[in-house]
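Asker: Kindly generate the corresponding structure for this input.
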Amino acid sequence: MYQAATDRYDKMSYRRCGKSGLLLPEVSLGLWHNFGDTGVYANMVKMCQTAFDNGITHFDLANNYGPAPGSAELNFGKILKDNFLPYRDELIISTKAGYDMWEGPYGNWGSRKYLLASLDQSLKRMGLEYVDIFYHHRMDPETPLEETMGALATAVNSGKALYVGLSNYDGETLEKATKILNELHVPFVINQNRYNIFDRRIEKNGLKDTAKKLSKGVICFSPLEQGVLTERYFNGIPEDSRVKTDGRFLNENSEALKKVEKVKALNEIAKSRNQSIAQMALAWVLKDDVITSVIIGASKPEQILDNVIAARNTSFTEDELNKIDDICRS
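Answerer: Below you'll find the model as predicted:
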């Protein structure tokens, strides 16, 4: 049986989700890629063990993570059973519902029918009685916000979720949702949104400022622009890269891959900070107090170790920030 490193909590810092009682590691492990049917189980196990041995207590999933949808939760459930049952109370396990999951009118968006059925399915796949955080995965333009937030309240009141979160919301809708959740006395603590040096939509749509005003946490996915903000593509597209092996979210025609020359320029700033470009990109997201954690995706344990180091230097000079902004605008 796996035994966790005894010094694991010496290797990571933890930040509070807004004004809640919940702390998350500055670096969290996302299971969006590499934990589905196309992954290698032994490698998945090693990545989870490496993460926890280095103080990463938070494992982020969603109902549709795979491929195929649901397979990441199935594999993570097996990893939990085989390795982490003695440590369940040291783990934060989150999942989501909101994107297309099963056929028909009840397997998508934000209805009460969909959210609560999906949560039951997720718990069954992972072999859990509850998740620590249950998110609505995206705004639903058709379902009344009161219905969606009411479903999140039921998830908590039923004991199947300890906290709730909102993912891919904008500032205006976040404020409306918070008012409803407060009235229902639901422990809403965290927003999950895409954010990185190139993608700053949460600064433009009010999410970041509103979360700060309402004292809610923000956890960011794709901090490395799906691997573009690394040295991975400096000399072309590797055969074992996500572009070649998956291609669902990053392919040879993606706009992100057209920014490689900018990434090389950013890499020069990273070198002056004694960081890799990936480490600097993670540190850039973590530079603000409103950000609770960054979610990393990894294909091998070594990448996790490299990313954990980023949290040790998250301070930037004004000159560095201006240079980064200039490169992004060029």
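Asker: and residue 217, what are its phi and psi?
Answerer: With angles defined as degrees, to the nearest 10, residue 217 sits at phi -80, psi 160.
Asker: ok, and the closest non-adjacent residue to it?
Answerer: Among residues not flanking residue 217 along the chain, residue 17 sits closest, at 3.3 Å (C-beta to C-beta, 6 or more residues apart in numbering). C-beta here means a position set from N, CA and C on the backbone, and glycine is covered the same way.
Asker: Low-confidence ranges, the stretch 101-250 of the chain, go.
Answerer: 236-250 (pLDDT under 70).
Asker: What ranges does it have for its strands?
Answerer: 131-136, 161-167, 188-194, 217-221 (DSSP state E, counting those that start in this stretch).
Asker: Residues contacting the second one, please?
Answerer: Applying C-beta atoms under 8 Å, 6 or more residues apart in numbering, the external contacts of strand 161-167 come out as 17, 20, 22, 94, 96, 98, 119, 130-138, 152-153, 155-156, 174, 177, 181, 186-193, 219.
Asker: try 7 Å
Answerer: Here strand 161-167 makes contact (C-beta atoms under 7 Å, 6 or more residues apart in numbering) with 22, 96, 98, 130-138, 152, 155-156, 174, 177, 186-193.
Asker: go on, the third one?
Answerer: Residues lying outside strand 188-194 but in contact with it, judged by C-beta under 7 Å, 6+ apart, are 17-18, 20, 22, 133, 135, 163-169, 174, 178, 181, 201-202, 207, 211, 216-222, 292.
Asker: Just the C-alphas of it, formatted as PDB.
Answerer: C-alpha atoms of strand 188-194 as PDB (Å, rounded to 0.1, in the frame of the first residue of the first chain):
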ATOM      1  CA  PHE A 188     -20.200  28.900  -2.100                       C
ATOM      2  CA  VAL A 189     -16.400  29.400  -1.900                       C
ATOM      3  CA  ILE A 190     -14.700  29.300  -5.300                       C
ATOM      4  CA  ASN A 191     -14.900  30.300  -9.000                       C
ATOM      5  CA  GLN A 192     -13.000  28.300 -11.600                       C
ATOM      6  CA  ASN A 193     -12.000  30.100 -14.800                       C
ATOM      7  CA  ARG A 194      -9.500  30.100 -17.600                       C
END
